[in-house]
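Novice: structure for the following, please:
(one chain, ligands or ions: 1)
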Amino acid sequence: MEKLVRKQIQTLTPYMSARRIGGSGDVWLNANESPFNNEYKTDFARLNRYSECQPNELISAYAAYAGVRPEQTITTRGADEGIELLIRAFCEPREDAILYCPPTYGMYSISAETMGVEQKVVPLTSDWQLDLTKIEANLDKVKLIFICSPNNPTGNLVKREDIVALLEMTKERAIVVMDEAYIDFCPEASTVDLLSQYANLAILRTLSKAFALAGLRCGFTLANQDLIKILLKVIAPYPVPVPVSEIATQALSEAGLARTKFQVLDLNANRAYLQVGLSMISGLEVFEGWGNYLLVKFPDGTALFKAAWDTGVILRNSPIENCVRISVGNRDECEKTLGFIRNYYS
Ligand code: PMP
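Specialist: Have a look, this model is predicted:
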C-alpha cells in the first residue's frame with residue numbers, strides 16, 4: 001500500500017488534534033471547545049434530497065451577523081475546510097507557496113503539505129507580532145499569507161496597523177488570510193471592515209468556538225465577491241448537510257445570537273478568573289489572552305501537563321517552551337484546574 005501513496009503523503013505527520021491525542025478525565029480544557037451544550041431541534045425531513053450548495057438562509061444569517069453581504073460569504077465544513085479551499089484554489093502545487101508565522105495554528109502547514117504546496121515560515125517576533133521586514137523578504141512565490149488573531153496558541157491579537165501594512169504590501173500579489181476563529185470573544189478586533197478596502201483579504205470564521213458547535217463542523221470564509229466566486233468553483237457540490245444548515249441557522253437566529261453573546265460574556269469572565277488566579281501563583285507567567293483560552297508558562301510545562309493529565313485534568317501542551325494552553329471552561333472546570341495547579345506548586 002505504502003508505495004502507491006504520494007511521496008508527500010508517505011512522509012506526512014497528520015495534525016495531532018486534541019481529540020486524536022485523547023486522554024481520560026473529567027475536566028477537558030484541551031480543545032478550545034465551549035463548555036455549553038445547547039439544545040437544538042431538527043425534524044430530519046427532506047433527507048432524500050440533496051442540500052443547497054450554499055443554503056440561502058444560513059448564508060444570509062451569517063452575513064448579517066458578520067456585517068457583510070451574502071455574496072461575500074461562503075460556508076464550509078469548519079474553518080479547516082476554508083483553509084483547504086483557499087490553498088487548493090490559489091496555490092499551484094510545487095510552484096506556489098503559502099507563508100505563515102509560528103507559533104500558530106498547525107493546519108496551514110499540514111493542508112499545504114498534503115497539496116504539495118511550498119511553505120515559507122517567518123516566525124512571529126518575541127512579542128508574537130508580525131515580522132513585516134522578514135515577511136516582505138520572503139514573498140517570492142507566496143500566494144497566501146495566514147495570520148491568526150487572536151492567535152492560537154499564544155492568545156494575543158496581531159496589531160491592526162501591521163495587518164493593514166501587510167495588506168498594502170501584498171496588494172495584487174498575495175492574499176492575506178485572517179484566521180478569526182476566536183474573534184467572537186473580542187469582536188472589536190475583527191478586520192471585517194477592511195474588506196471594503198482590500199480585495200486581497202479573506203477572513204476565516206467558525207461556529208466551533210463561541211457558538212459552541214464544534215461538533216457541527218460549520219465555518220465561513222468572508223471576502224469580496226470575486227474571491228468567494230473562486231472558492232465556489234472548488235468546493236464540493238453538496239458541502240453542507242441539511243441538519244447542519246438547520247442547526248447553524250438556529251444558532252444564528254435572534255435568540256441564538258443572544259445566547260451566544262451571554263455565553264461569551266460568561267466565558268470571558270471565567271478567563272479573567274483563571275488569569276487572576278494563576279497570576280497569583282509564584283513562578284507562573286500568564287499571557288494575556290483574547291480567545292477562550294490562556295497560554296501559561298510553568299517552571300516545567302511538561303511535568304505540569306503530565307501531572308494534570310494523570311489526575312484527569314486534560315490540558316494542551318504547546319510547542320512553546322514550558323507553555324501549556326488552557327481552554328476556558330465553565331466555572332467549575334476553571335476552579336478545579338486552578339485548584340489543581342495551586343496544589344501542585346504548594
Ligand atoms: N483556526 C484556528 C486558529 C483554530 O484554532 C481552529 C480550531 N482548532 C480552526 C481554525 C478550525 O476550526 P473549525 O472547527 O471551524 O474547523
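Novice: quick one, strands of the protein?
Specialist: For the chain, the strands defined by DSSP state E cover 27-28, 73-76, 97-100, 118-121, 142-148, 175-179, 201-206, 219-223, 285-286, 293-297, 313-314, 316-317, 323-327.
Novice: near the ligand at all, the last one?
Specialist: Right, strand 323-327. No - remark: strand 323-327 sits outside contact range of the ligand, by C-beta under 6 Å from any ligand atom, the gap being at least 10.1 Å. Using the backbone N, CA and C atoms, a C-beta is placed for each residue, glycine as well.
Novice: that older thread, now the strands of the chain as CSV including mean neighbour count and mean pLDDT?
Specialist: What follows is these, written out as CSV (neighbours: other C-beta atoms under 10 Å; pLDDT from 0 to 100):
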stretch, mean neighbour count, mean pLDDT
strand 27-28, 20, 94
strand 73-76, 26, 98
strand 97-100, 25, 98
strand 118-121, 16, 98
strand 142-148, 24, 98
strand 175-179, 25, 99
strand 201-206, 26, 98
strand 219-223, 26, 98
strand 285-286, 16, 98
strand 293-297, 24, 98
strand 313-314, 23, 96
strand 316-317, 20, 96
strand 323-327, 25, 98
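Novice: ok, which of the ones you listed comes nearest residue 271?
Specialist: Residue 271 lies closest to strand 293-297 among the strands of the chain, at 6.4 Å (C-beta to C-beta).
Novice: what pLDDT does the closest residue to the ligand within the stretch 1-150 of the chain get?
Specialist: In the stretch 1-150 of the chain, the residue that lies nearest the ligand is residue 78 (2.4 Å; C-beta to the nearest ligand atom). Residue 78 carries a pLDDT value of 98.
Novice: neighbours of it, how many?
Specialist: The number of residues packed near residue 78 is 22, by other C-beta atoms under 10 Å.
Novice: how about residue 169?
Specialist: 16.
Novice: that one contacts residue 130, doesn't it?
Specialist: No - counting by C-beta atoms under 8 Å, residue 169 does not reach residue 130; the two are 10.3 Å apart.
Novice: and the residue nearest the centre of the chain, what does it touch?
Specialist: Centroid check for the chain by C-alpha atoms, centre = their mean gives residue 181 as the closest residue, at 3.7 Å. By C-beta atoms under 8 Å, 6 or more residues apart in numbering, the contact list for residue 181 reads 79, 105, 148, 152, 204, 205, 206, 208, 209, 291.
Novice: if you set the cut-off to 10 Å instead, what comes out?
Specialist: By C-beta atoms under 10 Å, 6 or more residues apart in numbering, residue 181 lies in contact with 32, 78-80, 82, 105, 148-150, 152, 204-206, 208-210, 219, 291.
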